[in-house]
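**Q** I would like the atomic coordinates for the input below:
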Amino acid sequence: MADKIQYTLEFGLNTSPRVLYPRLSTPSGLSEWFCNDVNLKDDTFTFFWKGNEAKAKKVSSKDFKFIRYQWAEDEGTDCFFEFKLETHEITGDVALFVTDFADEEEVKDAQELWDNQIGKLKRVLGI
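**A** Now for the predicted structure:
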């Protein structure tokens, strides 16, 4: 298997970290936009999509700043996916940075998938 490539996408969101962070870090919040349903046991999230499921472990987080997950299939590697929030000091605008890994030939498709997913998140947030 080829090594996966890390990439980061930035999305401007007209909302606050207090509103956004629970949508990135809780089963109920993630099931609003990321997948159909989510179960949480200890630090392991099980994500469900129309007949499929995948497990990811929460590996680190800081409330209202970032949360990092690692898919079970990536255990033992440096691969993860992360949501990081940054607030501009002067304007108060919030930027969501999504960092993920994909095989080289799949990076473009993975980025398009994140674009679609964040579009759903924006609709949930009403922005």
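**Q** all contacts plus neighbour counts: C-alpha atoms, from now on.
**A** OK.
**Q** and for residue 45, the neighbour number?
**A** For residue 45, the count of nearby residues is 22 (other C-alpha atoms under 10 Å).
**Q** the residue nearest the centre of the chain: what secondary structure?
**A** Closest to where the C-alpha atoms of the chain average out (C-alpha atoms, centre = their mean) is residue 83, at 4.9 Å. Three-state call for residue 83 (DSSP: H, G, I helix; E, B strand; the rest coil): strand.
**Q** tell me which element the closest residue to it other than its chain neighbours is part of?
**A** In space, and not counting its chain neighbours, residue 83 is closest to residue 98: 4.9 Å by C-alpha to C-alpha, 6 or more residues apart in numbering. Secondary-structure assignment from DSSP states H and E places residue 98 in strand 94-103.
**Q** next secondary structure element downstream of that strand?
**A** Following strand 94-103 in sequence, per DSSP H and E, is helix 107-125.
**Q** packing partners for that following helix?
**A** strand 4-13 (3 or more C-alpha pairs under 8 Å, 6 or more residues apart in numbering; DSSP states H and E).
**Q** for the next helix or strand after the strand it packs on, the distance to its chain's centre please.
**A** Next helix or strand after strand 4-13 toward the C-terminus (DSSP H and E): helix 17-25. Centroid displacement of helix 17-25 relative to its chain, using C-alpha atoms, centre = their mean, to the nearest Å, is 11 Å.
**Q** and if you look at stretch 27-47?
**A** Using C-alpha atoms, centre = their mean, the offset of stretch 27-47 from its chain centre is 11 Å.
**Q** now stretch 58-71
**A** 9 Å.
**Q** and that stretch, C-alpha only, in PDB?
**A** In PDB, the C-alpha atoms belonging to stretch 58-71 read as follows (Å, rounded to 0.1, in the frame of the first residue of the first chain):
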ATOM      1  CA  LYS A  58     -10.500  10.100  19.600                       C
ATOM      2  CA  VAL A  59      -6.700  10.500  20.100                       C
ATOM      3  CA  SER A  60      -6.500  14.100  21.300                       C
ATOM      4  CA  SER A  61      -8.600  17.200  21.800                       C
ATOM      5  CA  LYS A  62      -8.900  20.600  23.400                       C
ATOM      6  CA  ASP A  63     -12.400  21.900  23.900                       C
ATOM      7  CA  PHE A  64     -13.400  24.600  21.400                       C
ATOM      8  CA  LYS A  65      -9.900  24.400  19.700                       C
ATOM      9  CA  PHE A  66      -9.400  21.000  18.000                       C
ATOM     10  CA  ILE A  67     -10.300  17.300  18.000                       C
ATOM     11  CA  ARG A  68      -8.200  14.600  16.300                       C
ATOM     12  CA  TYR A  69      -9.500  11.100  15.400                       C
ATOM     13  CA  GLN A  70      -7.800   8.000  14.000                       C
ATOM     14  CA  TRP A  71      -9.600   5.500  11.900                       C
END
